[in-house]
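K.L.:
Sequence first, then the predicted structure, then my questions.
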Amino acid sequence: MLRSSEKTVGELVVENPATARVFEKYGIDYCCGGKHSLDDACRERGVAPAALLDELSQASPKPQPDKRDWQGAALRDLIEHIVSRHHAYLKSELPRLAELFAKVVRAHGEREPVLAEVSEIFGIMKEELDAHLMKEEMILFPTIVKLEAGNASGAPCSIEHPIARMEYEHESAGRALAQMRHLTRDYYIPEEACNTYRALFAAMIELEADLHEHIHLENNILFPRAAALQAR
């Protein structure tokens with residue numbers, strides 16, 4: 001629990017990059033304005049320091065692991081979990097990361113050309129994931145829910161093809177993640193990096209972890225169980 005607002009905005013982001021999301025929410029500049037104290041930043045933006053401290057204290061440094069055993073859960077519940085946790089996370093985080101990439105490339109791209117390449121890979125992955133989420137939510141997931149409810153007439157002849165397509169797109173996302181990690185040397189942050197740079201790479205590590213868990217739940221649990229259900 002944060003109990004002091006004496007630290008600078010920049011110091012707080014360095015200690016826990018997840019706090020960058022909170023500062024962005026209130027329009028507080030943690031990069032160029034990172035030397036401002038939290039009190040000064042709150043005063044400038046008209047934010048109550050106590051309320052901001054409370055939000056900063058709750059900023060999780062990384063996605064918490066999912067401890068529930070989904071093998072025996074209803075598929076409807078698993079789908080609801082995937083959509084409310086992982087899909088919602090991507091819908092919120094991908095646009096934010098795109099903005100951070102644009103800022104970092106503008107500030108550091110001339111000195112580090114690889115950043116533009118990483119940004120391009122991210123942009124392609126983002127577009128693919130945006131379409132991927134829509135296809136799952138509009139087509140595949142409702143079909144699986146109908147199958148589980150025993151409404152075979154509401155499902156296509158086979159879900160084998162849509163599942164294969166989703167798994168192919170998962171592989172594409174996995175390749176993009178691996179490429180970006182390789183190009184950034186495991187998201188190495190140079191000493192001269194600004195706080196936006198640091199926040200970007202910390203968020204990319206979080207994104208990678210969340211996508212790995214997300215894909216695991218679908219490829220290894222949801223899809224095999226749904227296919228077995230239809231086969232029966």
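P.N.:
Yes, it's here.
K.L.:
From the contact counts, what lies against the one helix or strand in the chain whose mean pLDDT sits lowest?
P.N.:
In the chain, no helix or strand scores lower on mean pLDDT, DSSP states H and E than helix 9-15, which sits at a mean of 81. In terms of contacts (3 or more Cβ pairs under 8 Å, 6 or more residues apart in numbering; DSSP states H and E), helix 9-15 is packed against helix 19-25, helix 38-45, helix 195-216. C-beta here means a position set from N, CA and C on the backbone, and glycine is covered the same way.
K.L.:
Show me the contact partners of it.
P.N.:
For helix 9-15, contacts defined as Cβ atoms under 8 Å, 6 or more residues apart in numbering pick out 2, 19-20, 23, 28-31, 33-38, 41, 56, 195, 198-199.
K.L.:
Quick check: buried residues in that helix?
P.N.:
9-10, 12-14 (16 or more other Cβ atoms under 10 Å).
K.L.:
ditto for stretch 130-141
P.N.:
With the criterion 16+ other Cβ under 10 Å, stretch 130-141 contains buried residues 132-133, 136, 140-141.
K.L.:
mind putting those residues in CSV, distance to residue 97 included?
P.N.:
Formatted as CSV, these follow (distance: Cβ to Cβ, whole Å):
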residue, distance to residue 97
132, 16
133, 15
136, 20
140, 25
141, 24
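K.L.:
Looking at the residues you listed, spot the one nearest residue 45.
P.N.:
residue 133 (32.6 Å; Cβ to Cβ).
K.L.:
Does the closest one lie in a helix or a strand, and which?
P.N.:
Following DSSP states H and E, one finds residue 133 within helix 114-135.
K.L.:
helices or strands next to that helix in the packing?
P.N.:
By 3+ Cβ pairs under 8 Å, 6+ apart, helix 114-135 packs against helix 88-108, helix 160-183.
K.L.:
ok, the buried residues of stretch 130-141 vs residue 208, which is closest?
P.N.:
The closest of the buried residues of stretch 130-141, once distances to residue 208 are taken by Cβ to Cβ, is residue 132, at 16.2 Å.
K.L.:
Give me the nearest residue to that closest one, chain neighbours excluded.
P.N.:
Closest residue in space to residue 132, ignoring its immediate chain neighbours: residue 169 at 4.9 Å, by Cβ to Cβ, 6 or more residues apart in numbering.
K.L.:
how near is the one you found to residue 125?
P.N.:
10 Å (Cβ to Cβ, to the nearest Å).
K.L.:
who has more neighbours, the two?
P.N.:
Of the pair residue 169 and residue 125, residue 125 is the one with more neighbours under other Cβ atoms under 10 Å, namely 22 against 17.
K.L.:
can you pull the pLDDT of residue 224?
P.N.:
Looking at residue 224, its pLDDT reads 91.
K.L.:
Just the element for it, please.
P.N.:
Per DSSP H and E: helix 223-231 holds residue 224.
K.L.:
Spatially nearest residue to residue 23 (excluding sequence neighbours)?
P.N.:
Per Cβ to Cβ, 6+ apart, closest to residue 23 is residue 30, 4.6 Å.
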